[in-house]
Structures are given as structure tokens and as C-alpha cells.
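**Q** turn this into a model:
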Amino acid sequence: MEYTESNKETQFVKEGPWSELYVLCGHWKSDLEFYGDDLRFLHHLIDKYFMWITKQENLDMVKALEAGLSLLKKKNKDLLEKVGRHMGQLGQMVEDYNKTDASIIKTEHEHLEEEIANFVSHFRGNRKEVFAITEYIIDSESLANLMDN
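**A** The predicted structure is shown next:
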């Protein structure tokens, strides 16, 4: 069994679907760019109502939200840079296979995939929290009347 697994690993490293992984990274990049745009929107949403907040508990919630958005924005930027570098490595593997680099690039790809999955999970949770807290603040601060004007 170990020989079979080792043989599959060697075959992947040698033949690797490098062009397929490159295309997948292109999708990751596109998704991360979308998440970056969405983070800018969420930050704008918070800023729009921040000046109308009068209750300290609401101010504290918004500050915590903004801190979370800032961390996500930084992580998004970091992931975009990593994906860009990884795409460059994969492009080189497509053009000129290097056995030494192949297993390293495969491992990096797996780690990057895990990082992106974790980011998406945190992003979705934060996004839901932004909308829930924004709705709560609009109701508790009676901001709905201001929005109608």
C-alpha cells in the first residue's frame, strides 16, 4: 500500500496537473479580488452609519467589527500576494518541469488552499456579523428614520 501511495505521489510530482493548478489559482485570485471589493463595501457600510451612533455599546460593537474587517483586509492582501507568487511558480513548472521544486510547490499549493478556505470561512462569518450588527444598530439608534430623509 505504501509503495502504491508513494508511486502515485511520484507520478503526480513528475506529471502534475500544473496547468490545471494554475487555472485553479486564477479562480482563487478572482475570488480574493471579489472578497476585497466586498470588504471595501462592508467598511463603507459601517462608516456610513458610524457617525449617527450615540450609544456606547453600539460604538464598541462597531469598533470590534472594524478591527475584524481590517484583519480580513490584511489577510486578503497577503493571500493575493501568495497566490500571485504561486501562479508564477506553477507557470514555470508548466514551461520547465523541475523535480526538486515540484514537491515543494505541491505542498505550498495544499497549504495555500487551506489558508484560502480558512479565510473564506472567517470572511463569511464576519460578513453575517456586519449585517446583523448593522441591523441591530439601525433599530436601536432609530436610524431608519434618518435613512428615509
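
**Q** going forward, measure contacts and count neighbours with C-alpha atoms only.
**A** Fine.

**Q** so what's residue 90 up against?
**A** Contacts for residue 90 (C-alpha atoms under 8 Å, 6 or more residues apart in numbering) come out as 18-19, 21-22, 105.

**Q** what helix or strand is it on?
**A** Assigned by DSSP states H and E, residue 90 belongs to helix 56-95.

**Q** which residues in the protein form strands?
**A** Assigned by DSSP state E, the strands in the chain number zero.

**Q** name the single longest helix found in it.
**A** Scanning the chain for the longest helix, with DSSP state H as the assignment, gives helix 99-140.

**Q** now do it against helix 56-95, angle only.
**A** Relative orientation of helix 99-140 versus helix 56-95 (axes from the mean of the first three to the mean of the last three C-alpha atoms, to 10 degrees): 160 degrees.

**Q** chain center to helix 99-140, what's the gap?
**A** 4 Å (C-alpha atoms, centre = their mean, to the nearest Å).

**Q** so for this protein, the centremost residue is which one?
**A** residue 119 (4.3 Å; C-alpha atoms, centre = their mean).

**Q** what residues does it make contact with?
**A** 72, 75-76.

**Q** PyMOL command to pick out the buried ones of those residues?
**A** To isolate the buried members of those in PyMOL, using 16 or more other C-alpha atoms under 10 Å:
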select buried, resi 72+75+76
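
**Q** using TSV, lay out the contacts of residue 119 together with pLDDT and distance to residue 134.
**A** Shown next, in TSV, are the contacts of residue 119 (pLDDT from 0 to 100; distance: C-alpha to C-alpha, whole Å):
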residue	pLDDT	distance to residue 134
72	97	18
75	98	23
76	98	23
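
**Q** which member of the contacts of residue 119 is positioned nearest residue 55?
**A** residue 72 (26.0 Å; C-alpha to C-alpha).

**Q** chain neighbours aside, what residue packs nearest to that closest one?
**A** With sequence-adjacent residues excluded and distances taken as C-alpha to C-alpha, 6 or more residues apart in numbering, residue 72 is closest to residue 123, at 6.8 Å.
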